[in-house]
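> show me how the following folds:
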Amino acid sequence: MVISAGIILIAGGLCACAPLFKRISQALGRGLSILGFLLGIVVLIVAVDYALSLGFLSGEISASVASTTSPYLKYFLPAMILLGILLISRPIRNVRWASLISLALGLLIAYFLRTFLPSLFTSTTVLVVVFLIATLAIYTLLRFVEDLFEFIGSVLAFPPIAIAIGLVNIYFGVLFFTI
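Okay, here's the model as predicted:
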């Protein structure tokens, strides 16, 4: 599978500029946001593959990036990571996933304690207390992460910042093709 970092950067940059296209058509802006979410996942995978030199993507990206001689291309990786975070955080910024995950993990903890240690947890009251303590502890930790993610997402989704990130990534994508 050949993946060109230039094409990914240009397509991601266009999706990041979705606030510009929302003025033309709401449906186009929403479509770019949905496409941007999927593209954001790809952008982050490519950025991690390049940053850690893993070579999972058949070396196509690393070889094309390593052969470039422009001094500005060393800045494309932070721009690419910001692009990926922006594209992923835009549609899921308002989803309350901390409560869903903590509820599921609290139920799993109570179930596994009841299954693996049946002699210790014979009372339903004890299991309910364990469930509540586990759920609240996990929720507290995940809520902090959710708030942090929401703050970063709202800063990056501010239209002037999103458009600037999109244009910078389009620039780096075009720079890949000119070198």
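> domain ranges for this protein?
Domain assignment for the chain by automatic domain parsing gives 5-93+157-178, 97-146.
> would you mind giving those as a markdown table with mean neighbour count and mean pLDDT added?
Glycine gets a C-beta too; all of them are placed from N, C-alpha and C. Listed next are the domains of the chain as a markdown table, based on neighbours: other C-beta atoms under 10 Å; pLDDT from 0 to 100:
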| stretch | mean neighbour count | mean pLDDT |
| --- | --- | --- |
| domain 5-93+157-178 | 18 | 80 |
| domain 97-146 | 14 | 87 |
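> can you give me how far the top helix by length along the chain is from the chain middle?
Ranked by number of residues, the top helix in the chain under DSSP state H is helix 124-156. Taking C-alpha atoms, centre = their mean, to the nearest Å, one finds the center of helix 124-156 at 19 Å from the center of the full chain.
> quick one: contacts of the helix or strand following it?
Taking DSSP states H and E as the definition, the helix or strand that follows helix 124-156 towards the C-terminus is helix 159-178. Applying C-beta atoms under 8 Å, 6 or more residues apart in numbering, the contact partners of helix 159-178 are 4-20, 64-65, 68, 70, 72-73, 75-76, 79-80, 82-83, 86, 90, 155-156.
> which members of the residues you listed occur in strands, if any?
When those are checked against strands using DSSP state E, none is located there.
> distance from the centroid: which residue in the protein tops it?
Of all residues in the chain, residue 119 sits farthest from the chain's C-alpha centroid, using C-alpha atoms, centre = their mean; the distance is 43.0 Å.
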